[in-house]
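> got a structure for you, letters missing:
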């Protein structure tokens, strides 16, 4: 327990993450979105026969998302730069917050962003997946502070639906 | 909340899903399987040192499955068509229902198909993953109605064990 | 229910897994680690803006890990053999146990290894993913006995961060 806490503290120092003032004082994600000048995008329809989010108990499972509007296509390492893919990951996280809000009504009900998997449409010699998926992780920490800090996997996949650049899946713990 | 419901309603309209009559009246998955003329296949043994399903609380985690019998191999976009892969995804979902029934005894105990990840063994320029994984999603909605509607990710992977065409992983909420 | 139990029994026979004596008698993972002569490695820092593990209720979600120290790089089927990748998967599982211990304090609090996804950095014609990820599964069953038996998916991905050979993600149920 103590070790876990120390480890997190060390991480914060090493990663140089600046936590937004007040992030630890309680949920204020909605206010933070406004401070950052971010607007939640309009939800586009899923590509196929599924729903964007399913709640089970206090967990919300968000299916694979990409950006809601003007989504980025193309393979990183060939058609897209790391910076372009970072922006796509950031836009994907914003789209996921729109889905999450549609499901739970208020982003201040978020207890914790639990786990995120970032799938990058990448060439087979690409190595900078972490930098790409940081686009999503940075936004989540910026909006939710400590509550936005999540377990994560980033991988390079051979191909993605309609050639999107990034697809992200997420599990979020919310108030009962 | 309201927004979430409206969105689901719109989805159903747009996707043209016809819900089986009575699907909303309560669990009747077992009867529905019979109506569809579907029989659960015999469980084959896992390829390696793991189990097919683990229950934790009211969630059942089903590991990566492919079809139980005569499983399809080959890469979509090269060796297999989208239609063949759709059938493989459908057969995989049926095999997962056999694993699920072995775990919980009765498919009418299913509260919700929560989340599904469909991995397609695909070429690096393949784009129709959604159409392939619909093979699984369509079957689940056909058998469970609204309870079968799930969060989903579909991706193209570089390769799969013994060159199977489709591998699907799933989380299901069941009665306590 | 009965069918599920029979199936597990058959599996144990077929897979030839020798359960460590006493594994069923209660949690003794810490003692078992010592018996196996295994030491938990020192945790390295994550590559990017995330944490190694998040607990939500009685589930611990471990993000994508590779080995803690001297991690293996290169693609299986080209740069790395199945045996080398098996060892990388084993070392990854050991690293995950170090993360898990940092989170929960004592590995004897593990109730069940629930679900594991093993992503292998592999060529597009690779087929032996199961044998690779067995490196992790075998270790977990060796340390936790029946409690270590998990649902699993093994896949071949196009590329991984900093060209690591194996990345594993895991969900673990722990004592309340």
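Everything's here; your move. Only a predicted model underlies this, so the values are computations on that prediction, with no experimental measurement involved.

> Next, the contact list for the closest residue to residue A:93 other than its chain neighbours, please.
Nearest in space to residue A:93, with sequence neighbours left out and distances taken as CB to CB, 6 or more residues apart in numbering or on different chains, is residue A:136 at 3.9 Å. C-beta coordinates here come from the backbone N, C-alpha and C atoms, glycine included. Residue A:136 sits next to A:89, A:90, A:92, A:93, A:96, A:116, A:118, A:168 when contact means CB atoms under 8 Å, 6 or more residues apart in numbering or on different chains.

> Tell me the gap between the helix or strand hosting residue A:136 and the middle of its chain.
Using DSSP states H and E, residue A:136 falls within helix A:129-144. Taking CA atoms, centre = their mean, to the nearest Å, one finds the center of helix A:129-144 at 6 Å from the center of the full chain.

> Kindly report the same for stretch A:88-102.
Taking mean C-alpha positions (CA atoms, centre = their mean), stretch A:88-102 and its chain are 7 Å apart.

> now the strands for chain A?
Using DSSP state E, the strands of chain A run over A:53-56, A:59-65, A:110-121, A:151-157, A:166-174.

> Can you give the strand pairings for the third one, parallel or anti for each?
Using DSSP bridges, the neighbouring strands of strand A:110-121 in the sheet come out as strand A:151-157 (parallel), strand A:166-174 (antiparallel).

> Which phi and psi values does residue A:52 adopt?
phi -70, psi -30 (degrees, to the nearest 10).

> Also residue A:150?
phi -130, psi 160.

> what do you get for residue A:36?
Torsion angles at residue A:36 (phi, psi; degrees, to the nearest 10) stand at phi -80, psi 0.

> Could you check how far it is from residue B:107?
46 Å (CB to CB, to the nearest Å).

> Pipe the strands of chain A into TSV and attach mean neighbour count per row.
Below are the strands of chain A laid out as TSV (neighbours: other CB atoms under 10 Å in any protein chain shown):
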stretch	mean neighbour count
strand A:53-56	20
strand A:59-65	26
strand A:110-121	26
strand A:151-157	28
strand A:166-174	26
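
> Pipe these into a markdown table and attach mean pLDDT per row.
Below are these laid out as a markdown table (pLDDT from 0 to 100):
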| stretch | mean pLDDT |
| --- | --- |
| strand A:53-56 | 97 |
| strand A:59-65 | 97 |
| strand A:110-121 | 98 |
| strand A:151-157 | 97 |
| strand A:166-174 | 98 |
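
> okay, and for chain A, where does confidence drop off?
For chain A, residues meeting the criterion pLDDT under 70 lie at A:1-26, A:46-48.

> counting contacts, what elements does the top helix by length along it pack onto?
The longest helix of chain A (DSSP state H) is helix A:82-104. With contacts taken as 3 or more CB pairs under 8 Å, 6 or more residues apart in numbering or on different chains; DSSP states H and E, helix A:82-104 sits against strand A:53-56, strand A:59-65, strand A:110-121, helix A:129-144, strand A:166-174, helix B:2-15.

> Among those, which comes closest to residue C:127?
strand A:110-121 (21.6 Å; CB to CB).

> how far does the closest one sit from the chain's center?
Here strand A:110-121 is found 5 Å from its chain centre; the criterion is CA atoms, centre = their mean.

> what's the angle from it to helix A:82-104?
140 degrees (axes from the mean of the first three to the mean of the last three CA atoms, to 10 degrees).

> Between residue A:36 and residue B:107, which is the more surrounded one?
Counted by other CB atoms under 10 Å in any protein chain shown, residue A:36 and residue B:107 do not tie: residue B:107 has more neighbours, with 22 against 12.

> wait, doesn't the more buried one sit right on residue B:31?
No. Applying CB atoms under 8 Å as the test, residue B:107 and residue B:31 come out as separate, 9.8 Å apart.

> near chain B, which residues of chain A show up?
A:43, A:45-54, A:56-57, A:61-64, A:75, A:101-105, A:117, A:119, A:123-124, A:157-163, A:167, A:169 (CB under 8 Å from any CB of the partner chain).

> make it 6 Å
The interface of chain A toward chain B, taken as CB under 6 Å from any CB of the partner chain, is made up of A:45, A:47-51, A:53-54, A:56, A:61, A:63-64, A:102-103, A:105, A:119, A:157-159, A:161-163, A:169.

> Between the two ends of stretch A:140-158, how far is it?
26 Å (CA to CA, to the nearest Å).

> could you list every residue that touches residue A:169?
A:64, A:117, B:153 (CB atoms under 6 Å, 6 or more residues apart in numbering or on different chains).

> no, scratch that, I was asking about residue A:157
Here residue A:157 is in contact with A:119, B:155, B:156, B:157, C:157, C:158 (criterion: CB under 6 Å, 6+ apart).

> Columns distance to residue B:80 on top of the residues you listed, output as a markdown table?
Formatted as a markdown table, the contacts of residue A:157 follow (distance: CB to CB, whole Å):
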| residue | distance to residue B:80 |
| --- | --- |
| A:119 | 21 |
| B:155 | 16 |
| B:156 | 13 |
| B:157 | 14 |
| C:157 | 20 |
| C:158 | 18 |
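
> Between the residues you listed, which sits nearest residue B:85?
Proximity of the contacts of residue A:157 to residue B:85 (CB to CB) peaks at residue B:156, which lies at 10.8 Å.

> Now do the contacts for that closest one.
A:157, A:158, A:159, B:120, B:122, B:126, B:129.

> Just the buried subset of those residues, please.
A:157, A:158, A:159, B:120, B:122, B:126, B:129 (16 or more other CB atoms under 10 Å in any protein chain shown).

> so which of the residues you listed comes closest to chain C?
residue A:158 (4.5 Å; CB to the nearest CB).

> so how many other residues sit close to residue A:44?
16.

> And it, its phi and psi?
Given degrees, to the nearest 10, the pair of backbone angles that residue A:44 has is phi -80, psi 170.

> Surely it is in contact with residue A:67?
No. With contacts counted by CB atoms under 6 Å, residue A:44 stays clear of residue A:67, the gap being 8.8 Å.

> measure residue A:57 to chain C for me?
8 Å (CB to the nearest CB, to the nearest Å).

> Can you tell me the closest non-neighbouring residue to that residue?
Leaving aside its chain neighbours, residue A:57 sits nearest to residue B:58 (7.2 Å; criterion: CB to CB, 6+ apart).

> Spit out the contact partners of the one you found.
Counted by CB under 6 Å, 6+ apart, residue B:58 has contacts B:173, B:174, B:176.

> ok, now which ones touch the last one?
If a contact means CB under 6 Å, 6+ apart, then residue B:176 has residue B:58 as its contacts.

> now the first one
Residue B:173 makes contact with A:56, B:58, B:59, B:111, B:112, B:114 under the criterion CB under 6 Å, 6+ apart.

> can you pull up the bridge partners for it?
Going by DSSP bridges, residue B:173 forms beta bridges with residue B:59, residue B:112.

> Please report how far it lies from residue B:110.
Residue B:173 is 8 Å from residue B:110, by CB to CB.

> And for the last one?
Residue B:176 sits 13 Å away from residue B:110 when distances are taken as CB to CB.

> repeat for the second one
Taking CB to CB as the measure, residue B:174 falls 6 Å from residue B:110.

> Over to residue A:175?
Taking CB to CB, one finds residue A:175 at 26 Å from residue B:110.

> And for residue A:171?
From residue A:171 to residue B:110 the distance is 20 Å (CB to CB).

> and what of residue A:78?
Applying CB to CB to residue A:78 and residue B:110 gives a distance of 43 Å.

> Same check on residue A:138?
38 Å.

> Residue A:81 too?
45 Å.

> one step back: make CSV out of the buried ones among the contacts of residue B:156 and add distance to residue A:27.
Below are the buried ones among the contacts of residue B:156 laid out as CSV (distance: CB to CB, whole Å):
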residue, distance to residue A:27
A:157, 33
A:158, 39
A:159, 38
B:120, 38
B:122, 41
B:126, 41
B:129, 36
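
> I am finished for the moment; much appreciated.
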